[in-house]
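# this one's structure only:
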């Protein structure tokens, strides 16, 4: 058996065998199978969390999705981003002629075949995203979203140089590689903390012999961290939400309302002008978002009507109402959910599938409403200043 990409560590009498996998290499999956069958460990650790494990094991989970519930629970944009990341993964896998995460699937199957304990050793992906989100600041958030979107919808193929880099990174790391160059702070929650989490979970795995299937990029960090005792509570704590955005979210509409009321009292015609401006800017941009998403005419109308009202209440959003109307008149069927994994591969698929179209309507209508609020608010203030 070749020892290439294999690292052996002894920790407190426990033998740990790290397989540093190349996520875009067919050879990695074969090596995982060979090592587990040869070593017959008590436990097999894989670089997955519960969410990604369920995604792999339950390929038909989309069939049970309640799209109305997704919208009501404010998870439409999150689901859209998850599907967008899936799009990136499928594009990479198709170019390299492999199944995304094949080496992890092999680890799961081989653990079951030898009746070993299966340990999901990676940190919850939502916790990772939350800690990334908290660490990059407002401008960083905007750049991060742009990086992800451009990565998803880019139709460029991967160069040989990029291919070599991808061989030592998981998909999440690969998507955000360039971003870590511009924002070094991102490396801590994305790489360093996950190294610590993986090391502790591998060390705690049951039995005297453990095989761990991890991306090659994580091996050096795990080797360093596994001899230390890690506080998992600290690195899995979701940072508390800042009160500043909430304060701003309420202060802006209150300020707009006060300005309009004052203007109405001082000059009713100017107050009417402010009101019309607010309605037109908010409604038009929100409706434009629904139009771009190819929404049903009634969904577009709903976005136009709802935006001027929802912009004054941070607890509700025009896109939710537009999305519910779209879902009512263009309800996704079973085939739409079944085809999600293929449709998210292309821009055409994103707009063609009824599920992702609803998510796009929610997201783009909300984005349009935000733009309209900004422009409409400026115009309201302009009219106010001209009439004081």
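Everything's here; your move. Remember, it's a predicted structure, so these values are computed and weren't measured experimentally. Numbering: from 1, shown residues only.
# Report the separation between residue 193 and residue 355.
Distance from residue 193 to residue 355, counting by C-beta to C-beta, to the nearest Å: 33 Å. Placement of C-beta: from N, CA and C, glycine included.
# Is residue 372 in contact with residue 287, as I believe?
No. Taking contacts as C-beta atoms under 8 Å, residue 372 lies outside contact range of residue 287: 9.3 Å.
# where does residue 227 land in three-state SS?
Assigned with DSSP: H, G, I helix; E, B strand; the rest coil, residue 227 falls in the coil class.
# mind starting the numbering at 635 from now?
Okay, using 635 as the starting number, the last item reads as residue 861.
# Could you list which residues are in contact with the residue nearest to it when sequence neighbours are not counted?
Distances taken as C-beta to C-beta, 6 or more residues apart in numbering put residue 645 closest to residue 861, at 6.6 Å, once the chain neighbours are dropped. By C-beta atoms under 8 Å, 6 or more residues apart in numbering, the contact list for residue 645 reads 837, 860-861.
# how close does the nearest residue to residue 935 once chain neighbours are set aside sit to residue 701?
Residue nearest to residue 935 in three dimensions, not counting chain neighbours: residue 921, with 7.4 Å by C-beta to C-beta, 6+ apart. Separation of residue 921 from residue 701 (C-beta to C-beta) stands at 21 Å.
# Could you check which of those two has the larger neighbour count?
The neighbour comparison of residue 921 against residue 701 (other C-beta atoms under 10 Å) goes to residue 921, with 26 against 22.
# Pretty sure residue 953 sits against residue 993.
No. The pair residue 953 / residue 993 is not scored as a contact, 9.6 Å apart, by C-beta under 8 Å.
# more crowded one of those two?
Per other C-beta under 10 Å, whichever of residue 953 and residue 993 has more neighbours is residue 953, with 36 against 28.
# any idea what the spatially closest residue to residue 958 that is not a sequence neighbour is structurally, helix, strand or coil?
Spatially, and ignoring its direct neighbours in sequence, residue 958 is nearest to residue 705 (5.7 Å; C-beta to C-beta, 6+ apart). Secondary structure, three-state DSSP: residue 705 is helix.
# give the contact list for residue 705.
With contact taken as C-beta under 8 Å, 6+ apart, residue 705 is in contact with 954, 957-958, 961, 992, 996.
# can you map out the strands along this protein?
For the chain, applying DSSP state E gives strands covering 640-645, 648-655, 677-680, 751-754, 843-849.
# how about these, which one is nearest residue 981?
The closest of those to residue 981 is strand 843-849. By C-beta to C-beta, the value is 28.5 Å.
# and the closest one, what does it pack onto?
The contact analysis (3 or more C-beta pairs under 8 Å, 6 or more residues apart in numbering; DSSP states H and E) places strand 843-849 against strand 648-655, helix 660-673, strand 677-680, helix 736-747, helix 827-837.
# Relative to residue 758, which of the ones you listed is closest?
For residue 758, the closest of the helices and strands packed on strand 843-849 is helix 827-837, at 9.5 Å, according to C-beta to C-beta.
# which of the contacts of residue 705 has the most neighbours?
The most crowded member of the contacts of residue 705, judged by other C-beta under 10 Å, is residue 996 (35 neighbours).
# Overlap in contacts, residue 953 and residue 993.
What both residue 953 and residue 993 touch, as defined by C-beta under 8 Å, 6+ apart, is the set residue 710.
# re earlier: where among the helices and strands packed on strand 843-849 is the average confidence lowest?
Within the helices and strands packed on strand 843-849, confidence is poorest for helix 660-673, with a mean of 87 (mean pLDDT).
# what sits against the closest residue to residue 848 other than its chain neighbours?
Excluding the flanking residues, the one nearest residue 848 by C-beta to C-beta, 6+ apart is residue 681, at 4.6 Å. Residue 681 sits next to 738, 755-756, 804, 832, 846-849, 852 when contact means C-beta under 8 Å, 6+ apart.
# Looking at those residues, state which has the most neighbours.
With neighbours taken as other C-beta under 10 Å, the top of the contacts of residue 681 is residue 846, carrying 30 neighbours.
# wait, doesn't it sit right on residue 755?
Yes. Using C-beta under 8 Å, residue 846 is in contact with residue 755, at 6.6 Å.
# what's residue 826 in contact with, if anything?
Residue 826 neighbours (C-beta under 8 Å, 6+ apart): residue 855.
# what's the single longest helix in this structure?
helix 988-1020 (DSSP state H).
# List the buried residues for that helix?
Under the neighbour-count criterion of 16 or more other C-beta atoms under 10 Å, helix 988-1020 has 988-1007, 1009-1011, 1013-1014, 1017-1018 buried.
# Angles on the backbone of residue 966, please.
Residue 966 has phi and psi values of phi -60, psi 140 when expressed as degrees, to the nearest 10.
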